[in-house]
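[1] give me a 3D structure for the following:
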Amino acid sequence: MAIVTLLSLNMSIISEISGDGDSQLPLAWTTACTGNGVSLPPAKSNYLYSVRESTAKFIGSARQTAVAISPDGAKNYVDHFDMKKFEKYVKHINSWTHQFPLVFDSMALELNLIALLDLLQLGSGFRKELHAAAGRGASDTIRFGCISLHISQTALDAKGLQALTLGDVSQHFGIPLFGEERPMVEGSSAVMVSQASLLRPLAEIILGCLHDTGKRLEQGGFASLADFIIKMCSELPTAAHLVEKLVSAFPSLRDAAEIDGQQVYLFKKAQLIAYDVCQRFGKSDPKFAFPDIGDMTLFVDNVVPAMMQHHGLIVPSDAIAAKIKAGQELTLAETTAMRAASIAAAQLVVDYANSAESALKPGDIAINQATLGNYWWHEGKDPELRVLQRLVCKNTVYF
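    As a prediction, this is how the structure comes out:
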C-alpha cells in the first residue's frame, strides 16, 4: 500500500509539472491578482490622469495616516539635484530595448518579447529567496527566463503561452519547484521526499500570468500580445489609450486597490509596456510615437519607494518604517500607501523642478514622473544604495 501511495503521489507531481490534467489557473496567481475586484475608472477616462488623481486623493485623505509626503523634502531634493547623473541613468534605461543580444525575424516578434518582459515584471517580494537559489534578483530572473524562451524557439503567441507548463517555467526561469530531499523515514534513505520550494508560488504566479494572458488573447481574436498592441495603437496612437486597453483586457495588469472605500490606480506594468514600446519603436513607426508619454506616472515597484524614502520625499508611519527596516512583508494596504505616496510626492518634484521658482536648468531629458522613476530605479542599483531595504510583498502579480 505504501508503494502504491508513493507512486500515486509522484504521478500527481509529474502531472502538475508537465501540464497534464485540468487547465485551472494556479491559485497563487489568482490570489495575487488583488486588483480584479476593483472598479476601473469611468468610461472615457484618461487612465494616466486616473493614476495621478486617485493617488493624490488617497494620500491627501484625512483618514490616510500610513505615509506622508514632504513638500519641503521635494524642494530640497530638486535644489540639490544631480542633472548629469539623472541624464546618464535615464539614457541607459531608455536604451535597454535597443540592446537585446538576440535576433528577431520580425518587428512583431521583438515587440512581443518586450511586452512579455514587461508583463512579467513581478516577483520582487521573492528577491531574497531568488538570490539565495539562483544568484539573481527578480528583474534579472524574468529577463533570463524570457531570453531562454526566445532562444529555445518556444512559441510565445496566444496558444503557445497557454501550452507552457510549470516545469517549463522552472526550467527557463531557473526557479526551483522543490526544496532539499529528506528521508521519508528517519534514518533510512530508501525513500526520499521533498517539500515545495519557497519559490514555487512565484513559478505558479508566472505560469498563471502567461496562461491567462494567452487565453484572453485567443478569446479576443488576437494572435499574440504584439498583435493586440499593434491593433490598439492603430486605433489611437497614444499611451493613455494603450494603457486603458491593456488594463481592461488583462487581470495581470489591473494594478489597483480599494483602500478604505477609495479606488487607488497604479497601473505600473501597463504603463511600462507603453513606455518601452514607445522608446523602442516610436522613432520608426508613428503609431508608437505616443505624444502623451510625458503624462505617465512612476512605474512604482519595490525599489522606487525605498529610494524616495531615502531621499526624504515620503515618510512612512513608524509601524511601516519598522517593518521595512526589518525586511518584513507589508500588507496590501501598506504597500498601496507607499506606492501611492511615491506617485504623489514625485509630482511635487516634477512641479517644482519645472517651475520658475526652481534654479534647476533644463537638460536634454525632461523631468517627469516616468523619467524620475527610471532614474530612481537605476539609482537603487548603486552599490552604496543596494543595502537599503525595499518593499516586500509576495502576494502580488503587479511588481
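[2] is it true that residue 310 touches residue 388?
    Yes: look at residue 310 against residue 388 with C-beta atoms under 8 Å: they come within range, at 5.7 Å. Quick note: C-beta positions are derived from backbone N, CA and C, even for glycine.
[3] for the protein, what spans make up the strands?
    67-69, 178-183, 192-196, 256-259, 262-265, 314-316 (DSSP state E).
[4] what pairs with the fifth one, parallel or antiparallel?
    Its sheet considered, strand 262-265 pairs with strand 256-259 (antiparallel) by DSSP bridges.
[5] contact partners of the strand it pairs with?
    Strand 256-259 is contacted from outside by 34-35, 37-40, 58, 64, 263-267, 332-333, 336-337, using C-beta atoms under 8 Å, 6 or more residues apart in numbering.
[6] buried residues, that strand. List them.
    By neighbour count with 16 or more other C-beta atoms under 10 Å, strand 256-259 contains the buried residues 256-259.
[7] which stretches in the stretch 51-200 of the chain count as helices?
    Taking DSSP state H, counting those that start in this stretch as the criterion, the stretch 51-200 of the chain carries its helices at 71-79, 83-94, 107-119, 127-134, 138-151, 158-163, 166-173, 200-219.
[8] can you list these in TSV and add distance to residue 246 and mean pLDDT?
    TSV is the format used below for the helices of the stretch 51-200 of the chain (distance: least, C-beta to C-beta, whole Å; pLDDT from 0 to 100):
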stretch	distance to residue 246	mean pLDDT
helix 71-79	30	98
helix 83-94	20	96
helix 107-119	9	98
helix 127-134	25	94
helix 138-151	18	97
helix 158-163	15	98
helix 166-173	22	98
helix 200-219	10	98
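[9] a markdown table for those helices, including mean neighbour count and distance to residue 399?
    Shown next, in a markdown table, are those (neighbours: other C-beta atoms under 10 Å; distance: least, C-beta to C-beta, whole Å):
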| stretch | mean neighbour count | distance to residue 399 |
| --- | --- | --- |
| helix 71-79 | 16 | 23 |
| helix 83-94 | 16 | 16 |
| helix 107-119 | 21 | 11 |
| helix 127-134 | 17 | 11 |
| helix 138-151 | 19 | 9 |
| helix 158-163 | 18 | 21 |
| helix 166-173 | 21 | 17 |
| helix 200-219 | 22 | 12 |
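[10] may I ask which helix or strand of the protein has the lowest mean pLDDT?
    Lowest by mean pLDDT, DSSP states H and E among the helices and strands of the chain is helix 2-18, with a mean of 38.
[11] format the strands of the chain as TSV; extra columns: mean pLDDT.
    Listed next are the strands of the chain as TSV, based on pLDDT from 0 to 100:
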stretch	mean pLDDT
strand 67-69	98
strand 178-183	72
strand 192-196	71
strand 256-259	97
strand 262-265	97
strand 314-316	98
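[12] what would those look like in a markdown table with distance to residue 246?
    Output for the strands of the chain, formatted as a markdown table (distance: least, C-beta to C-beta, whole Å):
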| stretch | distance to residue 246 |
| --- | --- |
| strand 67-69 | 27 |
| strand 178-183 | 34 |
| strand 192-196 | 32 |
| strand 256-259 | 13 |
| strand 262-265 | 13 |
| strand 314-316 | 27 |
